[in-house]
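Undergrad: Model the following, please.
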Amino acid sequence: LEAIADFIDLKSPYTLGHSRSVADLSGAAARALGLPDEDCVAVRRAGLVHDLGRLGVPNSIWDKHGPLTRSEMERVRLHPYLSERMLSSAHALAPLAAIAVEHHERMDGSGYPRGLNHASISVVGRVLGAADCYAAATEPRPHRAQLAAVEAAAALRIHVRQGRLDADAVQAVLEAAGHRTRRRRQLPAGSGHEPARVRAGSTQME
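TA: Here you go, the predicted model:
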């Protein structure tokens, strides 16, 4: 999976190392939240392959310096679905599909590809989404400069206040990234969200 992650990230010079960063943050954050070992392993593995669907979107879109057109943004919004489809086609990777597809879903229903809300996003999906958001913010993109770690942390906290990201997931990710955080309650498997192993399946990109 790490080899696959490195291959995915070669798609664009702007994403080198992204998948491993997301995977490491996700796994560490899941453990900080007290999730079962199998879920911690699963979310790290899903982090490695969460962007597999990027391969189905042309570099003329990923590496575009100006604003995306509506049709280009629709192609971008499709990549988590493509990740799910590709992972589901391989028996060994199918369990990761339901986690990977959630990495751009948001608590307020504004995410993609399905517009899920807080009641429908798994705990591991929330963690993966927060980890992806933090990692992306600290990396350069063609349409923006990378943020310093403290700026990325502030940006995630704004997303929490706006109801887009889960507060506990964000705090766990920031802790995993080395930021000082307030004491956080744990989210065991029985916290109202089924573990990932049980559940099946902006106008500019982050």
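
Undergrad: Go ahead and confirm Val76 touches Pro58.
TA: No - using Cβ atoms under 8 Å as the test, Val76 is too far from Pro58 to be in contact (10.6 Å). Quick note: C-beta positions are derived from backbone N, CA and C, even for glycine.

Undergrad: if you count what's nearby, which of the two comes out ahead?
TA: Using other Cβ atoms under 10 Å, the more surrounded residue of Val76 and Pro58 is Val76, with 19 against 12.

Undergrad: for that one, helix, strand, or coil?
TA: Here Val76 is recorded as helix under DSSP: H, G, I helix; E, B strand; the rest coil.

Undergrad: how near is it to Ala154?
TA: Here the criterion is Cβ to Cβ, to the nearest Å. By it, Val76 lies 25 Å from Ala154.

Undergrad: ok, now Leu1?
TA: Look at Leu1 and Ala154: by Cβ to Cβ, they are 31 Å apart.

Undergrad: ok, the two, which is more surrounded?
TA: Between Leu1 and Ala154, counted using other Cβ under 10 Å, Leu1 has the larger neighbour count: 17 against 12.

Undergrad: separation between the more buried one and Val49?
TA: 6 Å.

Undergrad: what does Thr181 give?
TA: Distance of Thr181 to Val49, given as Cβ to Cβ: 28 Å.

Undergrad: Give me the more crowded residue out of the two.
TA: Legend: neighbour count by other Cβ under 10 Å for Thr181 and Val49, higher for Val49 (24 against 16).
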